[in-house]
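> Provide a 3D model corresponding to the input given below.
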Amino acid sequence: KRYLKERIDFEVIVPRRKPEDKADIVIYEDDELKKPYLVVECKKDGITDAEFKQAIEQAFGNANSLRAKFASVIAGTTKTAFDVAGFKPSEREKNVISDTPEKYGKAPKYRFIKGEADKELEIVSREELIRALEKSHDTVWQGGRLAPTTAFDEVSKLLFCKLKDEKDTPKGKAYKFQIGTHETPEEVYKRIDSIYQKAKKEDAEVFKEDIRLEPKIIYNVVEHLQSLALNKIDLDTKGVAFERFMEDFFRGKMGQFFTPRPIIQFCVKMMNPKRDDLILDPACGSGGFLLNAMDNV
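Numbers count the residues shown, from 1 in each chain. Below is the predicted model:
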């Protein structure tokens, strides 16, 4: 964001908060560090939605005590930001912004723009991808309100929307699978659902059921996934992440097992498939053989 390093402070003591609290990062408007501009709370990756919500309250408490204009919370790939000064202290929805402002300016309408280097999606590690998938499932599962397999189906629908959006968005345009400044959960839901409904029209045999999630749940899943460049993550990383994600539901419980990655790679190299070959895997599971064969070709 090109804030001067001299205007950034860490572990700042927050007045009027008991017990004594410290803001992780504070960015100031002035060289004397007397005018707080942005308060950032940093949490470990993998925290629950309830813990993330608690972190938001902590960020607001610190920002209001310091009289900062903006607040942000970061936990791994999940990030949210708020316009604190422009709204009443209790507001937590209408004051969401897509990202913190650059150079003390206005918050951008959207954070991620296709083809713009500083606004592109991020290629993450295998572990970061696994945690993002797990957080998304936990959000949809809602602590047991849905059956794990039903939650998995709903997450799969949203992952499809994410992948399709990455593919279909023209260069220079904002991705649809993200949260824009001052957008409500209902607005985000309508945009995500429009991606899915378009797919249903294109292939009604595959996409038979609508997305069956509340707007707020979809909103939270978008928070977890919006920054990831899923299409640019290599096939092997996605395959391993998907298998790890699936373990709790299928490994040994429903008779589905995954072939170890080295064996898949050995078999594909031994077959040495060509572009015109037809390849069939009648028990494809996560599609490891098919994906590696396609990658080899």
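> in the stretch 101-250 of the chain, which ranges drop under the pLDDT threshold?
Applying pLDDT under 70 to the stretch 101-250 of the chain flags residues 245, 247-250.
> same thing but at 90, please
Applying pLDDT under 90 to the stretch 101-250 of the chain flags residues 103, 117, 125-127, 130-131, 133-134, 137-138, 141-153, 155-156, 200-209, 233-250.
> mind listing the helices for it?
126-141, 148-168, 185-202, 215-225, 235-250 (DSSP state H, counting those that start in this stretch).
> Tell me which of these approaches E209 most closely.
Of all those, helix 148-168 sits nearest to E209, with 8.1 Å by CB to CB. Where you see a C-beta, it was placed from the backbone N, CA and C, and this is true even at glycine.
> if we can go back for a sec, so which of the helices of the stretch 101-250 of the chain is nearest M270?
Using CB to CB, the helices of the stretch 101-250 of the chain put helix 235-250 closest to M270, at 17.7 Å.
> Need the contact partners of the next helix or strand after that closest one.
Later in the chain than helix 235-250, the nearest helix or strand by DSSP states H and E is helix 261-271. Outside helix 261-271, the residues within contact range by CB atoms under 8 Å, 6 or more residues apart in numbering are D236, G239, V240, G288, F289, N292, A293, N296.
> Verify the stated contact: the third one with S125.
Just to be clear, that refers to V240. No. In this structure, V240 is not within contact of S125 by CB atoms under 8 Å, at 11.0 Å.
> Comparing the two, which residue is more hemmed in?
V240 (17 against 11; other CB atoms under 10 Å).
> list the contacts for that one?
Taking CB under 8 Å, 6+ apart, we find V240 in contact with R126, R261.
> please redo it, this time with the cut-off set to 6 Å
Contacts for V240 (CB atoms under 6 Å, 6 or more residues apart in numbering) come out as R126.
> How about I218?
Contacts for I218 (CB under 6 Å, 6+ apart) come out as Y189, I192.
> 8 Å instead?
Applying CB under 8 Å, 6+ apart, the residues near I218 are L158, P185, V188, Y189, I192, I211.
> My read is that the last one contacts L159, right?
No. The pair I211 / L159 is not scored as a contact, 11.7 Å apart, by CB under 8 Å.
> where along the stretch 1-150 of the chain do the strands fall?
Applying DSSP state E, counting those that start in this stretch to the stretch 1-150 of the chain gives strands spanning 8-14, 21-28, 36-43, 70-75, 78-83, 96-97.
> what's the nearest residue to the spatially most central residue of the chain if we skip its chain neighbours?
Closest to where the C-alpha atoms of the chain average out (CA atoms, centre = their mean) is L225, at 1.9 Å. Among residues not flanking L225 along the chain, K162 sits closest, at 5.6 Å (CB to CB, 6 or more residues apart in numbering).
> okay, now the one you found: neighbour count?
Quick note: K162 (other CB under 10 Å) scores 25 neighbours.
> again, but for P215
The burial count for P215: 16, using other CB under 10 Å.
> residues of stretch 234-248 that come out buried?
D236, T237, K238, G239, V240, A241, F242, E243, R244, F245, M246 (16 or more other CB atoms under 10 Å).
> In TSV: the residues you listed, plus distance to A63.
Formatted as TSV, the buried residues of stretch 234-248 follow (distance: CB to CB, whole Å):
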residue	distance to A63
D236	42
T237	37
K238	37
G239	42
V240	39
A241	35
F242	38
E243	41
R244	37
F245	35
M246	40
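> Between which two of the residues you listed is the distance greatest?
Across the buried residues of stretch 234-248, the longest distance by CB to CB is 15.8 Å; it joins D236 and M246.
> ok, E202 to A85 distance?
Applying CB to CB, to the nearest Å, the value for E202 to A85 is 45 Å.
> Between the two, which is the more surrounded one?
Taking other CB under 10 Å, E202 and A85 do not tie; A85 has more neighbours (14 against 10).
> Surely the more buried one touches A71?
No. Taking contacts as CB under 8 Å, A85 lies outside contact range of A71: 9.7 Å.
> just the contacts of I218 now: which is nearest K106?
V188 (20.5 Å).
> That closest one against K176, yeah?
No. Counting by CB under 8 Å, V188 sits too far from K176 to count as a contact (9.3 Å).
> Looking at those two, which is more packed in?
For V188 versus K176, neighbours defined as other CB under 10 Å are more numerous around V188 (25 against 21).
> Identify the residue spatially nearest to that one, adjacent ones excluded.
Nearest non-adjacent residue to V188, counting by CB to CB, 6+ apart: Y219, 5.0 Å away.
> for T139, same thing?
Nearest residue to T139 in three dimensions, chain neighbours excluded: N220, at 4.7 Å (CB to CB, 6+ apart).
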